[in-house]
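**Q** starting from these lines, generate the structure:
(2 chains, ligands or ions: 1)
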Amino acid sequence: MRALALKRHRRTAPFVLILVLLVGLTMAAYATQSRPAEGAISTANAIGEGQKLFAANCASCHGIGAQGQTGVAPSLVGVGAAAVDFQVGTGRMPLQASGPQAIVKDVQFNATQIAQLAAYVASLGPGPAVPDAEAVDPALGDPARGMELFRANCAMCHGSVGGGGALTQGKYAPSLWGTTPTHIYEAMLVGPQSMPVFNDANITPEDKRDIIAYLDEQRGAAAGGLKLGTIGPVAEGLWAWLLGMGIIVGFTVWIGVRSS
Amino acid sequence: MSDVKAAPPVTGAKHAAGGTANYLDERTSIGAFTKFIARKVFPDHWSFMLGEIALYSFVVLLLSGVILTAFFVPSIEPVVYDGSLATMQGIEMSKAFESTLRMSFEVPGGLLMRQIHHWAALIFAASILTHMARIFFTGAFRKPRELNWLVGFTLMILSLAAGFTGYSLPDDVLSGNGLRIIDGVIRSMPILGSYISYGLFGGEFPGEDLIPRLFTAHVLLVPALILGLIALHLFLVFLQKHTQYPGGGRTDKNVVGFPLFPVYTAKAGGFFFVVFGVIALLGATLQINPVWNYGPYDPSIISAGTQPDWYMLFIDGALRIMPGNLEYVIGGYTLSLNILIPGVVVPGLFFGALALYPWIEAWATGDRGERHILDRPRNAPVRTALGVAAITFYVVLVLEGSNDIVANLFRLSINDLTIMFRIAVFVLPVLAFILTKRIAMGLQRKDRELVLHGHETGRIVRFDDGEYIEVHEPLNDQERWVRVSYTALKPREPAPELNVHGVRRKGYRWDRFKAALSRFYFEDRVEPVTPAELEEAQDHRAPVAESEAPRPEVEKSTTS
Ligand code: HEM
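**A** Here you go, the predicted model:
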């Protein structure tokens, strides 16, 4: 019986695979298509749509009017569009499970929906807005100044080049290499969870762009070969033992076996 | 002169070479010496090549280091960077850091050389520890090699010094932080600390003199000491002859193996290129110490993932594992036990015990004879267990030194992890000791079984009376020799407390300590199979013919 089931299972496997692929492709195509140019939607309309989305997806925790529920989720009045764009755009919200830190999962809304949610939350009270494309363009920033600013303000948590690092009690500063320039800017503006807020008095908008330019420099190929996660000497030591000593000692054993 | 005439006609070059050799030989008798060296016998085992890895990686370090020295500027004079690196453009930095960047990005092949040098340093340190472990677990440190163990130990400490001074030269954030930590450790020493710190750094940290001083130490002082001690080390190996594993025909008075020339010279030459090749491969493909990521040193900056090279990680781990609230102010002086204990006391005890180990064990054994036959690790269960316990302790410290990386990798809480390691650092070595000792003695018992009853063949024979037995094949002489030729030492009894006059003897306490140590080592033991036992078990089974392997040469020992 089991053998038969296994056999049938094996025979259907290719079809399942193809089906999964097809569904995946359709969804990807849909996702790229359904991203209309920003600003095409009227603001009033967006707030209305956003409110609906909010009621369906967020209100269970943040409350119907986004005023928050003690012990469940904070009020969103005055957090601004930037906070929503960051939290929802990086896949942190809607929150999946409580833990030391919001889990980053796949983004659940498309760009239009995020903009609608952001518009709705922004309408509740004044707060930081989503930065425009020029404010986050790495080509306009100075990576060397960004290096200094990053080292002084961010490296203690995110590592010297933004590879990430551990914080206390199971919290961690994530790697910044996959983060979009807009989300980097917004993270500084709103200070998600245990990250401090870096407002414009603290780090000016130009400074923020310099930091983005510095992080952008880290994305290309690294000088000297594979980066080993850029987590510093621990990884290097591990590879020295595993790869270096592994091969060399393996050789000595091989020579020893052959000669005796 | 008549020799020359009698010789067949030779080509010019050959003649010249032969002539030179002859000329040298007639004046120095070097020919006889070369022949003596070439006939020197060296036993054969893969673990005897671990020391060679250290040797060859040191050669790679010297070669690549000479090239780096040509481009490195050991000065902390400030300059403004103007090179090809966008993230450093216009930044003020020391000449040391700037020259490291120039070497990495402007000098052709410079980055490769830097990376080869650094990978070679990591392999050098790793191979020294591996070699040391081999010496330890086989008992190669016993008389007459205790002195060479000390020479080797000093080499190990010097390798740490070489690595650390080198790591500190580029004047980047990591190297500066490392120096700052060492400065803190030095200052934690009561009374002397701050004077030593001022003396070493030439004033308040970091000081103007530091980089030039480190440079001199790194390119001159430490390598010269290492080179000299390696020469002494190898000379002693040569003089005392190499040890060998137990086996038929091998005794404490001979060396069985193959001649140095041509067998070992060919092997060693080939092996150098293996070591060099692997290091070059690492240097060419894996980024190491990307100082441009860390940026020029600035005391106010610290980033996540700030760690020393792996061979210093245990000190970092000891500092991290220590609870931080042990700082006392006594009469205006600060006593930082939270740094003194992990930074000075623990490494001091650990290394002290390591350096003195041959003597510690000799107290327990009371053995005064020369030991040229190595122990199989299982036949020295307590020593082996102590070694594994020490390695376990070391590894826990290394892991604690990497606690933020481990926490981040496995998404654990760094606080919980540190508490776990605080327990592990005491518990795991003890567990490792008990477990290793049991395994070693289990293996000894298995050896006994094997010697007494032979290999299982899987062939079942039925006798006429209906009894079934499995046929066991007796071990051949070589196999048996390896398993029976050891002595299971018994604990020593201290000499009586009172001497003939009924007075308490001087040195009795010391004897009692040694007896206690001896009991710790040899209380539990598995005796080797005696010939009588063997005979009884074997009855009248015919011995198996020896295999026709190439016969190794035997050199009679002239020492002892
Ligand atoms: C720069 C570092 C070192 C180098 C280049 C080096 C090199 C060597 C070489 C090539 C041998 C002969 C082959 C072998 O048995 O592996 C040897 C033997 C030996 N080494 Fe080292 N070694 C170093 C460090 C150490 C250390 C750290 C120790 C122990 C603390 C040590 C103790 C010994 C002893 C006792 C022998 C004699 C082994 C025997 O005859 O069985 N060495 N070393």
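**Q** where does the stretch 101-250 of chain B come near chain A, residue by residue?
**A** B:104-105, B:111, B:115, B:118-119, B:122-123, B:126-127, B:130, B:173-174 (C-beta under 8 Å from any C-beta of the partner chain). For the C-beta atoms, the positions are set from N, CA and C on the backbone; glycine is no exception.
**Q** domain ranges for the chain?
**A** Since no chain was named, I'll use chain A. Chain A breaks down into these domains under automatic domain parsing: A:41-129, A:131-242.
**Q** chain B, not that one
**A** Split by automatic domain parsing, chain B gives B:1-39, B:40-76+B:87-243+B:260-296+B:310-375, B:440-558.
**Q** so where is the chain shaky, pLDDT-wise?
**A** This is for chain A. A:1-42, A:259-260 (pLDDT under 70).
**Q** sorry, I should have been clearer: chain B.
**A** Judged by pLDDT under 70, the stretches of chain B that qualify are B:1-14, B:16-17, B:33, B:37-40, B:42, B:260-262, B:538-560.
**Q** select the longest strand from it.
**A** Secondary structure of chain B per DSSP state E: the longest strand is strand B:455-462.
**Q** now what about the host helix or strand of residue B:471, what contacts it?
**A** Using DSSP states H and E, the element containing residue B:471 is strand B:468-473. Contact with strand B:468-473 is made by B:453-463, B:544, as judged by C-beta atoms under 8 Å, 6 or more residues apart in numbering or on different chains.
**Q** what's the answer for stretch B:123-131, then?
**A** Contact partners of stretch B:123-131, identified using C-beta under 8 Å, 6+ apart, comprise A:240-241, A:244-245, A:248-249, B:50-51, B:53-54, B:57-58, B:61, B:152, B:155-156, B:159-160, B:162-163, B:275, B:278-279, B:282, B:309-311.
**Q** same question, stretch A:218-231
**A** Against stretch A:218-231 from outside (C-beta under 8 Å, 6+ apart): A:159-163, A:177, A:235-236, A:239, B:104-105, B:111, B:115, B:284-288, B:290, B:292-293, B:305, B:405, B:408.
**Q** now stretch A:54-69
**A** A:72-77, A:93-95, A:108, A:117, A:120-121, A:124.
**Q** taking the residues you listed one by one, which sit in helices?
**A** The members of the contacts of stretch A:54-69 that map onto helices under DSSP state H are A:117, A:120-121.
**Q** burial of residue B:327, as a residue count?
**A** 13 (other C-beta atoms under 10 Å in any protein chain shown).
**Q** hmm, I was thinking of residue B:449
**A** So residue B:449, with other C-beta under 10 Å, has 12 neighbours.
**Q** strands of chain B, start to end?
**A** Under DSSP E, chain B gives strands at B:41-42, B:78-80, B:92-94, B:254-259, B:327-330, B:333-336, B:455-462, B:468-473, B:553-556.
**Q** for the ligand, which of those strands is the nearest?
**A** strand B:41-42 (8.4 Å; C-beta to the nearest ligand atom).
**Q** could you pull out the helices for the stretch 451-560 of chain B?
**A** B:477-484, B:508-522, B:531-538 (DSSP state H, counting those that start in this stretch).
**Q** show me what contacts the residue in the stretch 51-200 of chain B positioned nearest to the ligand?
**A** Going by C-beta to the nearest ligand atom, the ligand is nearest to residue B:152 of the stretch 51-200 of chain B, at 2.1 Å. Residue B:152 is in contact with B:131-132, B:135, B:233, counting by C-beta under 8 Å, 6+ apart.
**Q** in helices, which of these appear?
**A** Short answer: those in helices (DSSP H) are B:131-132, B:135, B:233.
**Q** neighbours around the spatially closest residue to residue B:213 that is not a sequence neighbour, how many?
**A** Spatial nearest neighbour of residue B:213, excluding adjacent residues (C-beta to C-beta, 6 or more residues apart in numbering or on different chains): residue B:202 at 6.7 Å. A total of 14 residues lie near residue B:202 under the criterion other C-beta under 10 Å.
**Q** before we move on, what about residue B:167?
**A** Residues near residue B:167, counting by other C-beta under 10 Å: 23.
**Q** what about the strands in chain A?
**A** Secondary structure of chain A (DSSP E): strands at A:165-166, A:172-173.
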